[in-house]
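S.K.: Turn this into a model:
(chains A and B)
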Amino acid sequence: MSESTKQAAVPKKKMTTWEKNQFVYGWAFILPTMLGLIVLNIYPIFLTIYQSFCKTGDFGRGNVFIGLENYATMLKDPAVWQSLLNTFKYAIIEVPFSIAISLVLAVFLNRKIKFRSGYRTIFFLPMIAAPAAVAMVWRWLYNTQFGLLNHIFGTHIQWISDPKIAWISVAVIGVWSIIGYNMVLFLAGLQEIPGDYYEAASIDGASGIREFFSITIPLLSPTIFFVLVTRVIGALQVFDLVYVVMDRTNPALPKTQSLVYLFYQTAFTNGNKGYGAAMVMLLLAVILLITVVQMYGQKKWVHYD
Amino acid sequence: MTGSLKRKQMITTAVIHAILIIFSIIMIIPFLWMALTAFKTVTESTSVNPFVIFPSEWRTDAFVTVWNNMDFFRLYMNTLLLIFWRVIAAVLTATLAGYAFARLQFKGRDFMFSLILFQMMIPAQIFIIPQYAMVSAMHMTDTIFALVFPGLVTAFGTFLLKQSYMSLPVSLEEAARLDGCNIFQTFLYIMAPLARSSMVALGIFTAVFAYKDMMWPLIVNTSANKMPLSAALATMQGQYTSNYPQLMAASLIAVLPMIVIYLIFQRQFIEGIATSGGKL
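M.R.: Here you go, the predicted structure:
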């Protein structure tokens, strides 16, 4: 091993058999993945960028280059900005609530408690259900006239057709669906915190709540950060819930539809691929920006040992 | 002193159980309500006064109707084939590439790996329009191939497997090489078997996300008999808008097999998704 690295450091020397073997096998091993990655992902990125400068020609003609027109239209399109705002509102509910709830549940399940794996199995259940089925049953629970929720609360709230609250109702489904997933990630992180810390704290007479804030949160902060970043990215791409819960005729749709939903409708239902591509570029910019901000922000609160 | 401490502990435990039970109920009620509604008549499901919780009679009419109308057998088969091919393709390609990225030194490796990392940062919607254009240029829309297409390779899975190979000791490979194994034999007989748990994790992760994926199937496979369950269910709600027992019966038929498999293998499921999800 060390011999081969020494030889590699010498420039312009003929490859040894071992190096040649590594080269041939290495490329053979990564070839299927790289070929697929380039055809399915890398090349499409450039195509989408190009597409965002084009409009779909009439009568089935291909792309017609129109420069920045799609972006200019997008800047003035209130539907785009409204859906971006809707997406942010969704994320602002889904991410903090799902993280807070699943963190507390994970801390509880990290104790020696009866029926632990039973609880864990139950909380994780929504994760393996088809989102269409989940959205459908929630739609039924939210039904204004016959829904279970209005019956339990004795109310007559239009959960998903009142533009003022529909986005909250959709985000609640999002929280419900993702709690188990976050919780499992937190549980894995919690298991790596050494028990000594808690022993020392309890000798010092720290309460459970005190322990949670001064031991658990700081020591778990890398996991919390990871979940936060991935959840924000996931929430900004919300589509399934909006698609199934909100009918095309729902009056609350404009105040609820997400950017990805609008992209889907624009590019595939209305066939305006160029404009859809521009929306996706906006989504990419937003996601990258928020992720970079979080990466910088982590220095303030994430403790790596 | 110890008595009061014990009592305090008991109260804490009771409070924790109470909270956990409340959340368990919140998690289960939608599924329960799905099942209860599916066995009701339309009149029962929309009766307000009195509000009906349990069906007066456990009717299977809704199940029979949707089963006949929707050709669930075909939908199951489509979903199964989608999952099967995606898992095979993802695990196979990622195992090979992951090993090369972790353990072989060759020119171009680091640049290629940076492409893998780059792909993982890009939201998947960017790829969709061109991917659809490719499938339709091949005249392959409305096929199983179209469903599988974007999942033929996996940047994330490659990354996952690379991490897993990197954690294995180098001495094993050296021993195999001294015994005269070439690189492929070393990989196949020594290293790949040791990375099995990561392959299982990736397989489960891929299966669950293939099953849940909705947007791509809605785009490429528009004929009803070529859809997987998720997309078929999403398009169904337009057709039976007010017939909730039928909507719930269809949902139940769609989620039940996965739930049963999950309950049997719940430990593998949770650990598989936790290890894959946590290593992103």
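
S.K.: For the rest of this, base every contact and every neighbour count on C-alpha atoms.
M.R.: OK.

S.K.: pLDDT weak spots in the stretch 151-280 of chain B?
M.R.: Segments of the stretch 151-280 of chain B classed as low confidence (criterion: pLDDT under 70) are B:238-241, B:277-280.

S.K.: can you give me the helices for it?
M.R.: Taking DSSP state H, counting those that start in this stretch as the criterion, the stretch 151-280 of chain B contains helices spanning B:155-166, B:170-178, B:183-185, B:192-194, B:196-212, B:215-220, B:229-239, B:244-264, B:266-278.

S.K.: So A:Asn110 versus A:Ile168, what's the distance?
M.R.: Taken as C-alpha to C-alpha, to the nearest Å, the spacing of A:Asn110 relative to A:Ile168 amounts to 30 Å.

S.K.: try A:Ser161
M.R.: Distance of A:Ser161 to A:Ile168, given as C-alpha to C-alpha: 11 Å.

S.K.: Please say which of those two ends up with more neighbours.
M.R.: More neighbours surround A:Ser161 than the other of A:Ser161 and A:Ile168, with 23 against 19 (other C-alpha atoms under 10 Å in any protein chain shown).

S.K.: what domains does the record give for chain A?
M.R.: Taking automatic domain parsing as the reference, chain A has its domains at A:2-51, A:75-301.

S.K.: okay, those, which one's buried deepest?
M.R.: domain A:75-301 (a mean of 19; mean count of other C-alpha atoms under 10 Å in any protein chain shown).

S.K.: Pick out the residue of chain B closest to chain A.
M.R.: Of all residues in chain B, B:Ala97 sits closest to chain A, with a separation of 4.2 Å (C-alpha to the nearest C-alpha).

S.K.: Which helix or strand contains the closest residue to that residue other than its chain neighbours?
M.R.: If you skip the residues right next to it in sequence, B:Ala97 has A:Ile30 as its closest partner in space, 4.2 Å away by C-alpha to C-alpha, 6 or more residues apart in numbering or on different chains. Here A:Ile30 is covered by helix A:17-37, with elements defined by DSSP states H and E.

S.K.: what sits up against the helix or strand that comes right after that helix?
M.R.: For helix A:17-37, the following helix or strand on the C-terminal side (DSSP H and E) is helix A:43-51. Contacting residues not belonging to helix A:43-51 are listed as A:Asn63, A:Lys273, A:Gly274, A:Ala277, A:Ala278, A:Met281, B:Ile126, B:Phe127, B:Ile128, B:Ile129, B:Pro130, B:Gln131 [C-alpha atoms under 8 Å, 6 or more residues apart in numbering or on different chains].

S.K.: Surely the fifth one touches A:Glu69?
M.R.: No - A:Ala278 is not in contact with A:Glu69 according to C-alpha atoms under 8 Å; the separation is 9.8 Å.

S.K.: thinking B:Val52 is in contact with B:Thr43, fair?
M.R.: No - between B:Val52 and B:Thr43 there is no contact, the gap being 9.8 Å when judged by C-alpha under 8 Å.

S.K.: And the two? Which one has more around it.
M.R.: When B:Val52 and B:Thr43 are compared on other C-alpha under 10 Å, the one with more neighbours turns out to be B:Val52, at 17 against 11.

S.K.: what's the more buried one in contact with, if anything?
M.R.: With contacts taken as C-alpha under 8 Å, 6+ apart, B:Val52 has the following neighbours: B:Glu44, B:Ser45.

S.K.: what kind of secondary structure is it in?
M.R.: The local conformation at B:Val52, judged by DSSP: H, G, I helix; E, B strand; the rest coil, is coil.

S.K.: do A:Gln145 as well
M.R.: With three-state DSSP as the criterion, A:Gln145 was assigned coil.

S.K.: Is the nearest residue to A:Gln237 once chain neighbours are set aside within a helix or a strand, and which one?
M.R.: In this structure, A:Gln237 finds its nearest non-sequential neighbour in A:Val260, 5.9 Å apart by C-alpha to C-alpha, 6+ apart. Taking DSSP H and E as the criterion, A:Val260 maps to helix A:259-264.

S.K.: helices and strands around that helix, which ones?
M.R.: With contacts defined as 3 or more C-alpha pairs under 8 Å, 6 or more residues apart in numbering or on different chains; DSSP states H and E, helix A:259-264 has these neighbours: helix A:78-109, helix A:273-301.

S.K.: ok, of these, where does mean pLDDT dip lowest?
M.R.: Comparing mean pLDDT across the helices and strands packed on helix A:259-264, the weakest is helix A:273-301, with a mean of 94.

S.K.: ok so, going back, reformat the helices of the stretch 151-280 of chain B as CSV; add distance to chain A.
M.R.: Listed next are the helices of the stretch 151-280 of chain B as CSV, based on distance: least, C-alpha to the nearest C-alpha, whole Å:
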stretch, distance to chain A
helix B:155-166, 7
helix B:170-178, 9
helix B:183-185, 7
helix B:192-194, 13
helix B:196-212, 5
helix B:215-220, 7
helix B:229-239, 5
helix B:244-264, 5
helix B:266-278, 6
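
S.K.: can you put those in TSV and add mean neighbour count and distance to A:Arg210?
M.R.: Below are the helices of the stretch 151-280 of chain B laid out as TSV (neighbours: other C-alpha atoms under 10 Å in any protein chain shown; distance: least, C-alpha to C-alpha, whole Å):
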stretch	mean neighbour count	distance to A:Arg210
helix B:155-166	23	36
helix B:170-178	13	44
helix B:183-185	16	54
helix B:192-194	15	42
helix B:196-212	22	36
helix B:215-220	20	45
helix B:229-239	21	45
helix B:244-264	20	36
helix B:266-278	21	27
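
S.K.: Dump these into CSV; add distance to A:Ser98 as well.
M.R.: Formatted as CSV, the entries for the helices of the stretch 151-280 of chain B read as follows, by distance: least, C-alpha to C-alpha, whole Å:
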stretch, distance to A:Ser98
helix B:155-166, 24
helix B:170-178, 41
helix B:183-185, 45
helix B:192-194, 35
helix B:196-212, 20
helix B:215-220, 23
helix B:229-239, 24
helix B:244-264, 22
helix B:266-278, 16
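
S.K.: and the closest residue to chain B within the stretch 1-150 of chain A, what does it touch?
M.R.: When distances are taken as C-alpha to the nearest C-alpha, the stretch 1-150 of chain A reaches nearest to chain B at A:Ile30, 4.2 Å away. For A:Ile30, the contacting residues are B:Thr93, B:Leu96, B:Ala97, B:Gly98, B:Ala100, B:Phe101, taking C-alpha under 8 Å, 6+ apart as the criterion.

S.K.: now B:Tyr262
M.R.: If a contact means C-alpha under 8 Å, 6+ apart, then B:Tyr262 has A:Ile128, B:Phe269 as its contacts.

S.K.: what about it, distance to B:Met236?
M.R.: The gap separating B:Tyr262 from B:Met236 is 25 Å, by C-alpha to C-alpha.

S.K.: Spatially central residue for chain B, please.
M.R.: For chain B, the residue whose C-alpha lies nearest the mean C-alpha position (C-alpha atoms, centre = their mean) is B:Val208; its distance is 0.6 Å.

S.K.: The residue nearest to A:Gln237 reaches A:Val242, doesn't it?
M.R.: No - with contact taken as C-alpha under 8 Å, A:Val260 and A:Val242 are classed as non-touching, separated by 9.6 Å.

S.K.: Now distance to chain B too, for the helices and strands packed on helix A:259-264, in JSON lines please.
M.R.: Rendered in JSON lines, the data for the helices and strands packed on helix A:259-264 read as follows (distance: least, C-alpha to the nearest C-alpha, whole Å):
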{"stretch": "helix A:78-109", "distance to chain B": "7"}
{"stretch": "helix A:273-301", "distance to chain B": "6"}
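
S.K.: Same list, those helices, but as a markdown table with distance to B:Met227 please.
M.R.: Compiled in a markdown table, the helices and strands packed on helix A:259-264 are given as follows (distance: least, C-alpha to C-alpha, whole Å):
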| stretch | distance to B:Met227 |
| --- | --- |
| helix A:78-109 | 28 |
| helix A:273-301 | 23 |
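
S.K.: can you tell which of those is closest to B:Leu218?
M.R.: In this view, the helices and strands packed on helix A:259-264 are compared for proximity to B:Leu218 by C-alpha to C-alpha, and helix A:273-301 is the closest at 15.8 Å.
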